[in-house]
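J.: Build the 3D model from these lines:
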Amino acid sequence: MYFMDPTSYLLVIIAAVISLAASGYLKSTFNKYSRVRCRSGITGAEAAKRILKNTGIHDVQIERVSGNLTDHYDTRTKTLRLSDSVYDSNSIAAVGVAAHECGHAIQDYAQYGPLLLRSVLVPAAKIGSSAAMPLIFVGFLLGEFFQIGALGWMLIDIGIIGFGIAVLFQLITLPVEFNASRRAMESLSENGILGDEEAIGSRRVLNAAALTYVAAAAAAVLQIIRLLALRNRR
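T.: Modelled structure (predicted):
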């Protein structure tokens, strides 16, 4: 009955709406500026190569990855992966996204503190986010139906702590992403890849992408509030 609490599910619905709205806004913004070609004719992959080279970064590989908006930078292998919609595209949206991923590579090169902390938290955040709900659910079952209260409480608390690490990861992600976007816009200007008017469109795409991380962090915070409320009511 605790998992069916109306207030609890209201938080879940709010989190889902926020996430869907942010994702939809990113897709529509990206699609809009994907139809605007940059005057230089440079593609996302070419822009990434130029930015990395001019920054003095020579140990980062650039690869194509399948999918749409699946672009990311892997700190472990120092690999910058650009999606099909970015790698060969010369739109201002694609160039902006490629520059953003270069921003992460520059962060890695400069040993940017929040990025290093986020990298350290990745394993714990993955385990915490995947194991939290099963542990909490089993804990409630043990306490309610099997009358094993001590073990149940312990599992619930471990699950909430694990999910708390995942929430912390989401919060640390925010400054990392905003900083990468700032570095991206600076790089596009310094390397003469986009003009001032073109940069406006790229900035809008990156701002829309940033909103998805804000939404993810907000959803995670609402979820842990829900879990704490369920625990306290029990």
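
J.: low-scoring pLDDT stretches of the protein, where are they?
T.: Within the chain, the stretches with pLDDT under 70 are 1-8, 145-149, 233-234.

J.: 90 instead?
T.: Segments of the chain classed as low confidence (criterion: pLDDT under 90) are 1-16, 67-68, 128-129, 132-133, 136-156, 223, 225-234.

J.: all strands of it, in order?
T.: In the chain, the segments counted as strands under DSSP state E are 61-65, 72-74, 79-83.

J.: any idea which of these is most buried?
T.: Across the strands of the chain, the average number of neighbours (mean count of other Cβ atoms under 10 Å) peaks for strand 79-83, which reaches a mean of 21. Glycine gets a C-beta too; all of them are placed from N, C-alpha and C.

J.: can you give me how far it is from the chain middle?
T.: On the basis of Cα atoms, centre = their mean, to the nearest Å, strand 79-83 is displaced by 15 Å from the centre of the chain it belongs to.

J.: Which neighbouring elements make contact with that strand?
T.: Counting contacts by 3 or more Cβ pairs under 8 Å, 6 or more residues apart in numbering; DSSP states H and E, the secondary-structure elements packed against strand 79-83 are helix 44-55, strand 61-65, strand 72-74, helix 92-109.

J.: List the contacts of the second one.
T.: Right, the one you point to is strand 61-65. Outside strand 61-65, the residues that touch it by Cβ atoms under 8 Å, 6 or more residues apart in numbering are 45, 48-49, 52, 71-72, 77-84, 87.

J.: Comparing the helices and strands packed on strand 79-83, which comes out most buried?
T.: Comparing the helices and strands packed on strand 79-83 by mean count of other Cβ under 10 Å gives helix 92-109 as most buried, with a mean of 26.

J.: Summarise which helices and strands that helix is packed against.
T.: By contact count (3+ Cβ pairs under 8 Å, 6+ apart), the secondary structure elements abutting helix 92-109 are helix 6-34, helix 44-55, strand 72-74, strand 79-83, helix 84-87, helix 113-144, helix 149-190, helix 196-233.

J.: Good, wrapping up.
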